[in-house]
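**Q** Here's a sequence, model it:
(chains A, B, C and D)
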4 protein chains.
Amino acid sequence: MKTYKIVTIGGGSSYTPELIEGFIKRYAELPVRELWLVDIEEGKEKLNIITKLAERMVKKAGIPMKIYSTLNRREALKDADFVTTQFRVGGLHARSLDESIPLSHGLIGQETNGAGGMFKALRTIPVIFDILKDCKELCPNAFVVNFTNPAGLVTEAVLNHTSWERFIGVCNLPYGMEVGVSKILEAEKSRVRVHMAGLNHMVFGLDVFLDGVSVKRDVLEKMATESESLNMKNIMDLPWSPEFLRGLDAIPCAYHRYYFQKDQMLSHMLEDFKTGETRASQVMAVEEDLFKKYQDEDLADKPKELELRGGAFYSDAAVNLISSIANDKRDIQVVNTRNKGAIASLPFDSAVEVSSIITKDGPVPLATGLLPAAAEGIVQQLKSFERLTVKAALSGKYEDAYVAMVTNPLVQSEHLGRKVLDDLLLAHEKHLPAFKETIDTLRNRP
Amino acid sequence: MKTYKIVTIGGGSSYTPELIEGFIKRYAELPVRELWLVDIEEGKEKLNIITKLAERMVKKAGIPMKIYSTLNRREALKDADFVTTQFRVGGLHARSLDESIPLSHGLIGQETNGAGGMFKALRTIPVIFDILKDCKELCPNAFVVNFTNPAGLVTEAVLNHTSWERFIGVCNLPYGMEVGVSKILEAEKSRVRVHMAGLNHMVFGLDVFLDGVSVKRDVLEKMATESESLNMKNIMDLPWSPEFLRGLDAIPCAYHRYYFQKDQMLSHMLEDFKTGETRASQVMAVEEDLFKKYQDEDLADKPKELELRGGAFYSDAAVNLISSIANDKRDIQVVNTRNKGAIASLPFDSAVEVSSIITKDGPVPLATGLLPAAAEGIVQQLKSFERLTVKAALSGKYEDAYVAMVTNPLVQSEHLGRKVLDDLLLAHEKHLPAFKETIDTLRNRP
Amino acid sequence: MKTYKIVTIGGGSSYTPELIEGFIKRYAELPVRELWLVDIEEGKEKLNIITKLAERMVKKAGIPMKIYSTLNRREALKDADFVTTQFRVGGLHARSLDESIPLSHGLIGQETNGAGGMFKALRTIPVIFDILKDCKELCPNAFVVNFTNPAGLVTEAVLNHTSWERFIGVCNLPYGMEVGVSKILEAEKSRVRVHMAGLNHMVFGLDVFLDGVSVKRDVLEKMATESESLNMKNIMDLPWSPEFLRGLDAIPCAYHRYYFQKDQMLSHMLEDFKTGETRASQVMAVEEDLFKKYQDEDLADKPKELELRGGAFYSDAAVNLISSIANDKRDIQVVNTRNKGAIASLPFDSAVEVSSIITKDGPVPLATGLLPAAAEGIVQQLKSFERLTVKAALSGKYEDAYVAMVTNPLVQSEHLGRKVLDDLLLAHEKHLPAFKETIDTLRNRP
Amino acid sequence: MKTYKIVTIGGGSSYTPELIEGFIKRYAELPVRELWLVDIEEGKEKLNIITKLAERMVKKAGIPMKIYSTLNRREALKDADFVTTQFRVGGLHARSLDESIPLSHGLIGQETNGAGGMFKALRTIPVIFDILKDCKELCPNAFVVNFTNPAGLVTEAVLNHTSWERFIGVCNLPYGMEVGVSKILEAEKSRVRVHMAGLNHMVFGLDVFLDGVSVKRDVLEKMATESESLNMKNIMDLPWSPEFLRGLDAIPCAYHRYYFQKDQMLSHMLEDFKTGETRASQVMAVEEDLFKKYQDEDLADKPKELELRGGAFYSDAAVNLISSIANDKRDIQVVNTRNKGAIASLPFDSAVEVSSIITKDGPVPLATGLLPAAAEGIVQQLKSFERLTVKAALSGKYEDAYVAMVTNPLVQSEHLGRKVLDDLLLAHEKHLPAFKETIDTLRNRP
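**A** As a prediction, this is how the structure comes out:
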């Protein structure tokens, strides 16, 4: 039986224990021979803690999975079968800035599709491109499974501006939506399939099948009347109006609250912000606790607390995907991949998040045709923002970044957009090499 | 030489003297034999004032154009060559509600593409459909030239839900943009052509030709550095940042301020609102003055003050269009018409506002191909809103109207959207026959 | 474990023993509880012969599969899980006319995509529509697996002019191509995948994967230099030029000889025709022999001779498909199904023959994007012919049938097309109820 | 008033007197200051004859149009306003080979869209590309109006493989069709407009307007019953069947006979060929006569006999086009230009022949939407052939030329296609520099 070499870039992440748990649980179908945890100098200490915990977990499980730990990415990548990427350029501190700087100007930062997400993309894209250059040389047949946010934007950049094809963006949100819908239907998740289409963090459940029969209307009605909600740990749990759900005729994702409940989201976030809290600051606190736990030499399992971290289901989502590719399972999962006509109104080469059949050659997206009108507008709007952000990441020009910022549906302001842009450029300078000249000019502006 | 019968529905409008001036000025090329001013019972008094002024104007001009005045639309339409529609269902009072109700909940109303515009469309579409039914019977070869706002939305409804083909939506904004660009270039307007594409009040100047040579970059640079602006009387004159214009690489229209300078627009509007002022209330004051002037029996010209009304260039835009059709002039004008592939990413049958060659058979839109990314997103967003609004106008369902409202980029709030929706439904009940049941249910809600 | 009820319409076909062999071989994974063989009055005798042979085969295999034999289609269809259709309206005699009438005017008849195929479609489409009406009532969740030729044309008609979705057209040709390519590569078929796209009997092998790595160039080179050919029993085995294959850069199917080696095909067929031979007459002789064999009470297996019949692999192709649906296998098979954007230049709703993943909900076509230019032209040409033929089948108009005939790439002649059309209409009158009036007029023409 | 410099490449053509007549007749609206007749060394003698005739014609007309005659193309192109191209690489002898070599193998040569036209394109494209390189340098704002056949194929090459935009392909066929339809309607041509769409020599009359009202059905009925035909001097006048025309529901062009009356066309051509006649040989005889006439020093007009040449209406078509551009006339003419969405199923950038409004910036094609099914197939087929031929012209590869040849709907034979290809390659070697290596290999083949 074939065994696998897996490389996890950002191995020192607090999420890693989930991933390891995932590999352990699925060892029978996906025998991981070598798991390489890679991180950078700044993450050395965390990497060590994670590595030791991983070794204890593997030992307890009694499986022959070897854990390697290194700061040398190229050494790790050699002949890898799968590469997972889950790093955070600039760490949680950078995220904190992504969220707090927009809030300081009265805007939602939103770490994936808002002003904050835009800067996360600007920091991440060049690093991903570097990793792919190494992969091209050292493991040209590997699949790269990217959890690094903003997963959609990063996939858009890779599919349109590199020659690397085997790149899949993964998010735990669609998985969570299927779990939620299964609960609403009081049915085993395996009996339920939600047909999803859209973009990352902007995906719609366009149909729901229970044992193959469409029950979307029932689900919407239950969500509408019993105030069931499909939520994520990291997004405030505002219910949707019954009438809105009926009119939408599709299941919104948690992130749609930013666009369709914007005022309430903003006012809650501003309240928290006044008290010094952002989602990043909460996460930082959780992380500190987690790493304390991870150091406990008696701990040889993923601690329950990790689920509070907002990344629940990441393990299932990611390891499921890898196992489906390795075993050519042909099951349906929702991933970020090349559109190829699946959503008729988006370009053939765009990255989209769609229900796809997972084969040994990667995802095959299921055809959706045209999106319903209510989904079409906001999806197109966000796709334009993605393309503008990718353009800015490659050009490093102020004007390109500025237009991406202002046309974002959470910004909509030339005036505030500029303030947020300037502050974020200066704050993240270290991680924005393409913008060096732009930032120098900015700094010297009177 | 062929002479023409023209019917103006909403003849009692304060704009009518401009239209009459337009017909007088172009009498040589467009000999109007009969001009029928049609209005409804409620507008009888204004219609009389306008009719008398019109007669004085014609008399002074010394041309054989006969003015007819009637409340009987069917009598007027018989064998018409052109029908212009410029009515306001519910009058300025309705507009005042369209604007003030959203502001009372902290939202921009915007009389064409916002919550206010949505209700203007819901009131207007059924009336337009009725008029077209009469036209089908009484003047099947006429062109209907519609200035009634929201011109884009109304055209979308007509082209996709009636069998009437000869329908053109006209707006003075593109005309004003060309005038503005000509000023920036210090050139005669006849030497300048702006290639425009998008939707009504969401149109972009994608290129500028001076004597046939592209000078877009120069225009943008001048707009950027000399703070030239292309404005309309009815929109606050906020300048655009140079960097934003460079990044956009297209000339925005005045209404783009609502989407890209939203916070400033809103705060100015809220300030005015506190003092009891909305754009509608200003217009009402201007109108009152105007009608006083119109009654002056010594007046036989369009008074200068009309230009303050915000409708400058309507005369030129509308009469130019009619004359170009009548004379098969083949000049380029920007109108709302069927897309027919001109904007590659919008459906073949959508209404779009694009530079078109005006022939005796109607407009032939110039091909644009794909819109630039910065324009694509917001244009698609608004087109979705238009389609949702048309759907609601036809169904009369609460849930359809609610989704149209919430997904509008100036609303983005389920919570506030509902309040605005409910208040507007109740306020406009009289003019929303399709929503009768919906409003009854709403009223009886606990 | 779920067991299945399968209904075979045209159960008296000489192919049926292959199908039964297929069900027997796969009984473990696809336990067929009831197999209903349905035929019409005229086929009663053959049906009896086949039924008895089937019973002997099942008995020998020792499996509890019950064989039912009936002339009452509606009785059979009740609660079926799968319906296979493999009938021939008018029998082999009609096919003989389809082929010989065109040859008598010097034209290739071609029983699927030529003049002959057009008439096979005109006879078949109304019967298929009737069957689907019964299915709608009696087994609304069944899949209909159609082997009746012309499989592409019939699928085009069903997908665009009925509300029945679960319809799949199957052909043995793609299966045979994969077998042939595997031989060329000297590899097990399971290691080889040919990505195919086009229309039925007009499908191209656009890529070849051996263990997932593209080896198309090698296959083409081998086909080119070693004169390997991918052939079918029922098509003359003319080799392809190396240079043509290199230029085509895709693997042609056997039927491409009719379009790209037309003169040689025609002259061989005319030679045979002079001696009284057509493909139909050969098949009739083979059939007679087969049915003699089938009556042998010692025979309890599919006789080897059946493979000479031209339908080799039908069993594998059809039963494979049914088993993949029943078991939700998600393997890739080449079927006729709705395009859904898989071939970018064909309409979303067109029937296409493409590599598809077979799920419990039916086929999911793999995206192809744009076809190469050399394939695009002839595929579009044939799709137009299909649409015109379907139009004629529904209208029964002479002029519609005439245009379909003349624009067929094997006809190209108004003059000969008319002769062929008239002769075929008169010859098949009995089976063309929609054309009754047209044929009456034709007969009374001076 | 602006005066014009016009350059005619291939000035020694027998067509030139028509062109000169055209400029003389339209001098008032299109004052040509300088007309430069350019030819190559081999055409020197004919150029001299034409130049002298031109001078006599101008003198007789009494207009100040100066005729220049030169073998130096670059000298002529300097600051040209319009460049017309009407040359024939290899002369009529090459055309004779284009037609006779296919016929010697039993195939229609067809000088534009068949095997012959393919080679005309292979000889012509490199020369056109050279001319455009000179234009880029010497007259970058000029319009190039190309009559050189195959006009569609050449335009396809230029629009997709050069950066020259101002290129228009002109053909006399659509003009002739409008003349023919006017005769059928017994109406002045100015009252009639045929909406045409398709490709060069594969264009369909999709609608007919008389005074703006659709009368297509009447025209088809008259064509059908009165056996009216729309023909060209150079194509045999076979009538169309009434039923075929009704089914087609569009007006075919003369060249459709090659595709829809292929057998009769071929047999007539083979008969002529046996007697040593091809269209080229007829033309050569006519030309000889013409040039004798042209030398007559008393001749100062275009001689009537030129109309037998097959190029009737070229003068009107070409000079009309130039005048419409020069005067920004905005009339509708049928030209070969970039598709830009006008035919929805063809790529945005393809060359198409469509009714277009002619402006000072070039043609604006009228939207057609989807072609009717009967036109769609053959148009797509020919577009693929065009793309394959252009590919071969650029690559010079045998295999590319071979596939273009075989997939042509007038060839359809690998076997005969190869013979025709080989003979044509060897026959035209001198004019196929890109194929040098290919031809060397071919010659050295055993």
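**Q** Contacts only, for the residue in the stretch 151-300 of chain A that chain D sits nearest to.
**A** Chain D sits closest to A:Asn160 of the stretch 151-300 of chain A, with a gap of 19.0 Å, by Cβ to the nearest Cβ. From N, CA and C alone the C-beta is placed, and that goes for glycine too. Applying Cβ atoms under 8 Å, 6 or more residues apart in numbering or on different chains, we find A:Asn160 in contact with A:349-351, A:390.
**Q** all strands for the stretch 301-446 of chain A, in order.
**A** A:332-338, A:351-359, A:362-365 (DSSP state E, counting those that start in this stretch).
**Q** mind checking which of the ones you listed is nearest D:Lys59?
**A** strand A:332-338 (68.1 Å; Cβ to Cβ).
**Q** A:Pro303: neighbour count?
**A** 15 (other Cβ atoms under 10 Å in any protein chain shown).
**Q** what kind of secondary structure is the nearest residue to it once chain neighbours are set aside in?
**A** Sequence neighbours aside, A:Lys293 is the residue nearest to A:Pro303 in space, at 4.9 Å (criterion: Cβ to Cβ, 6 or more residues apart in numbering or on different chains). Classification of A:Lys293 using DSSP: H, G, I helix; E, B strand; the rest coil returns helix.
**Q** didn't A:Ile49 look like it was pressed against A:Phe291?
**A** Yes - assessed by Cβ atoms under 8 Å, A:Ile49 is found in contact with A:Phe291 at 5.9 Å.
**Q** How about residues contacting the host helix or strand of A:Thr51?
**A** For A:Thr51, the host element (DSSP states H and E) is helix A:44-61. Outside of helix A:44-61, the residues within contact range by Cβ under 8 Å, 6+ apart are A:11-14, A:16-17, A:20-21, A:24, A:27, A:35, A:37, A:39, A:65, A:67, A:69, A:71, A:291, A:294-295, A:297, A:299-302.
**Q** May I see the PyMOL selection of the buried members of the residues you listed?
**A** Restricted to buried positions by 16 or more other Cβ atoms under 10 Å in any protein chain shown, the PyMOL selection for these reads:
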select buried, chain A and resi 11+12+13+14+16+17+20+21+24+27+35+37+39+65+67+69+291+294+299+302
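**Q** Just to be careful, could you list which of the contacts of helix A:44-61 are in helices?
**A** A:16-17, A:20-21, A:24, A:291, A:294-295 (DSSP state H).
**Q** now those as JSON lines including pLDDT and distance to chain C?
**A** Output for the ones in helices among the contacts of helix A:44-61, formatted as JSON lines (pLDDT from 0 to 100; distance: Cβ to the nearest Cβ, whole Å):
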{"residue": "A:Thr16", "pLDDT": "93", "distance to chain C": "30"}
{"residue": "A:Pro17", "pLDDT": "93", "distance to chain C": "32"}
{"residue": "A:Ile20", "pLDDT": "94", "distance to chain C": "28"}
{"residue": "A:Glu21", "pLDDT": "93", "distance to chain C": "27"}
{"residue": "A:Ile24", "pLDDT": "95", "distance to chain C": "26"}
{"residue": "A:Phe291", "pLDDT": "93", "distance to chain C": "41"}
{"residue": "A:Tyr294", "pLDDT": "94", "distance to chain C": "39"}
{"residue": "A:Gln295", "pLDDT": "94", "distance to chain C": "43"}
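**Q** nearest to chain B, of the residues you listed?
**A** Nearest member of these to chain B, counting by Cβ to the nearest Cβ, is A:Thr16, at 36.4 Å.
**Q** how near is the closest one to A:Tyr27?
**A** According to Cβ to Cβ, to the nearest Å, A:Thr16 and A:Tyr27 sit 17 Å apart.
**Q** Could you name the stretch from the strands of the stretch 301-446 of chain A that's closest to chain D?
**A** Here strand A:332-338 is closest among these (Cβ to the nearest Cβ), at 20.3 Å.
**Q** Let me see the mean pLDDT of that closest one.
**A** Strand A:332-338 carries an average pLDDT of 96.
**Q** all strands for the stretch 1-150 of chain A, in order.
**A** Using DSSP E, counting those that start in this stretch, the strands assigned to the stretch 1-150 of chain A run over residues A:4-9, A:32-38, A:66-70, A:82-85, A:143-146.
**Q** so what strands line up beside the fourth one?
**A** Strand pairing for strand A:82-85, using DSSP bridges, gives strand A:4-9 (parallel), strand A:143-146 (parallel).
**Q** The longest one too?
**A** Taking DSSP bridges as the criterion, strand A:32-38 pairs within the sheet with strand A:4-9 (parallel), strand A:66-70 (parallel).
**Q** Please identify the deepest-packed of the ones you listed.
**A** Of the strands paired with strand A:32-38, the one with the most neighbours on average (mean count of other Cβ atoms under 10 Å in any protein chain shown) is strand A:4-9, at a mean of 25.
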